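Participant: Fold the following and give me the result.
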Amino acid sequence: MTELASIQQQTQTQTLPKKHAAPVKDHLGRSYGTGKRKDAVARVWVKSGKGNITVNNKQFDKYFFRPSSKAIVLQPLMQTKAYGMVDIVCTVKGSGLSGQAGAIRHGISNALTLFDPTLRSVLRTQGFLTCDDRVVERKKYGHKKARRSFQFCKR
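Facilitator: Take a look at the predicted model:
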């Protein structure tokens, strides 16, 4: 009888919904996240607001002019339906615009999970919380590039 009661108790604890952690915010109501992609490192602050996005003290549209880069940065906001509800301020260094866009996306995702922990499951399933660790392959000696060899002529 005690074994049956312990099994029932275990199944009841397994089916209860998980409690989310409390939001992590500073005294200004901001949550901080760091993102990385290639050689780019982004520092991102998220707070409640009207949807203003600032990158390196420039307006978002002025910094990223390619539509693909803009779409990459806005992906976590669109998936969580937080677009227009939070203000984002970020600084980014290193790499090119594509790497910086990926770093900002990663940083926004990390900051949103601290700002509102209920969004973590949505961001995790979309893969925004995983750091994309692909980097440029190094050049090998005796080769023109990383894999490209010089032309070989037998005769």
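Participant: Need the residue closest to the centroid of the protein.
Facilitator: residue 106 (1.5 Å; CA atoms, centre = their mean).
Participant: Give the phi and psi angles for that one, as a check.
Facilitator: The phi/psi pair for residue 106 (degrees, to the nearest 10) reads phi -60, psi -40.
Participant: these two touch, right, it and residue 38?
Facilitator: No - here residue 106 does not reach residue 38: they are 11.2 Å apart, not a contact under CB atoms under 8 Å. Every residue, glycine included, has its C-beta placed from N, CA and C.
Participant: Show me the strands in this structure, by range?
Facilitator: 31-37, 40-48, 53-55, 58-59, 86-93 (DSSP state E).
Participant: can you put those strands in JSON lines and add mean neighbour count, mean pLDDT and distance to residue 153?
Facilitator: Putting the strands of the chain into JSON lines (neighbours: other CB atoms under 10 Å; pLDDT from 0 to 100; distance: least, CB to CB, whole Å) gives the following:
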{"stretch": "strand 31-37", "mean neighbour count": "20", "mean pLDDT": "95", "distance to residue 153": "41"}
{"stretch": "strand 40-48", "mean neighbour count": "21", "mean pLDDT": "96", "distance to residue 153": "41"}
{"stretch": "strand 53-55", "mean neighbour count": "21", "mean pLDDT": "96", "distance to residue 153": "50"}
{"stretch": "strand 58-59", "mean neighbour count": "11", "mean pLDDT": "96", "distance to residue 153": "52"}
{"stretch": "strand 86-93", "mean neighbour count": "19", "mean pLDDT": "96", "distance to residue 153": "45"}
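Participant: how about JSON lines for those, with distance to residue 145 added?
Facilitator: Formatted as JSON lines, those follow (distance: least, CB to CB, whole Å):
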{"stretch": "strand 31-37", "distance to residue 145": "22"}
{"stretch": "strand 40-48", "distance to residue 145": "22"}
{"stretch": "strand 53-55", "distance to residue 145": "32"}
{"stretch": "strand 58-59", "distance to residue 145": "34"}
{"stretch": "strand 86-93", "distance to residue 145": "26"}
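Participant: of all those, which lies closest to residue 23?
Facilitator: Nearest to residue 23 among those is strand 31-37; the distance by CB to CB comes to 6.9 Å.
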